[in-house]
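Q: Build me a structure from this.
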Amino acid sequence: MTESLPLRARLTADVKEAMKAGEKERLATLRLIGARLKDADIAARPEGNGDISDDKIVALLRGMVKSRDESAAMYRDGGRPELAAKEEGEIAVIRGYLPPEMDDAALTAAIAEAVNATGATTMKDMGKVMGALKAKFGANLDLGRANAVVKSTLGG
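A: This next block holds a predicted model:
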């Protein structure tokens, strides 16, 4: 399949594949991703950047998943399960482009290592720990999950 391609090329190839296969819902979600990607590329132009990096694409996709998770919850609470199901379908497509998440044990170990490496002891050192994690893991780390574990580790 297209999983060995860079993320941007993979998205383009998958749009064509979805069009040929007649997968309307998947195609609509891929086009949404493409539109957000184009917006991000345009926003990066004043900084002298052409296209955004794969790390930034992954961050953009994580944001899209988070937004849809929140929407799905609101739709469920509002008694609109059909709209929640649509959002969850989009989440499934978007997650297909995200790197696999670390399991809880690996995340805890990585945070313990970062805390030791930075000498962090209090919540004031949280920025150092998060910076070290970001530098080491980049887009492969879900910063939202890491943030909660770092807070509990540093006593926040």
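Q: and the gap between residue 59 and residue 37?
A: Remark: distance between residue 59 and residue 37 (CB to CB, to the nearest Å) = 12 Å. Glycine gets a C-beta too; all of them are placed from N, C-alpha and C.
Q: Settle it for me: which of those two has more neighbours?
A: Higher neighbour count among residue 59 and residue 37: residue 37, with 20 against 16, using other CB atoms under 10 Å.
Q: Excluding chain neighbours, give the residue nearest to residue 15 in space.
A: Spatial nearest neighbour of residue 15, chain neighbours left out: residue 30 (4.8 Å); criterion: CB to CB, 6 or more residues apart in numbering.
Q: how is this structure carved up into domains?
A: Following automatic domain parsing, one gets these domains for the chain: 7-95, 104-153.
Q: Can you get me the start-to-end distance on the first one?
A: It stands for domain 7-95. Distance across domain 7-95, first residue to last, is 12 Å (CA to CA, to the nearest Å).
Q: can you check stretch 41-49 too?
A: For stretch 41-49, the first-to-last residue distance is 8 Å (CA to CA).
Q: Just the buried residues of stretch 143-156, please?
A: 146, 147, 149, 150, 153, 154 (16 or more other CB atoms under 10 Å).
Q: In JSON lines: those residues, plus secondary structure and pLDDT.
A: Shown next, in JSON lines, are those (DSSP: H, G, I helix; E, B strand; the rest coil; pLDDT from 0 to 100):
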{"residue": "146", "secondary structure": "helix", "pLDDT": "86"}
{"residue": "147", "secondary structure": "helix", "pLDDT": "87"}
{"residue": "149", "secondary structure": "helix", "pLDDT": "88"}
{"residue": "150", "secondary structure": "helix", "pLDDT": "89"}
{"residue": "153", "secondary structure": "helix", "pLDDT": "85"}
{"residue": "154", "secondary structure": "coil", "pLDDT": "85"}
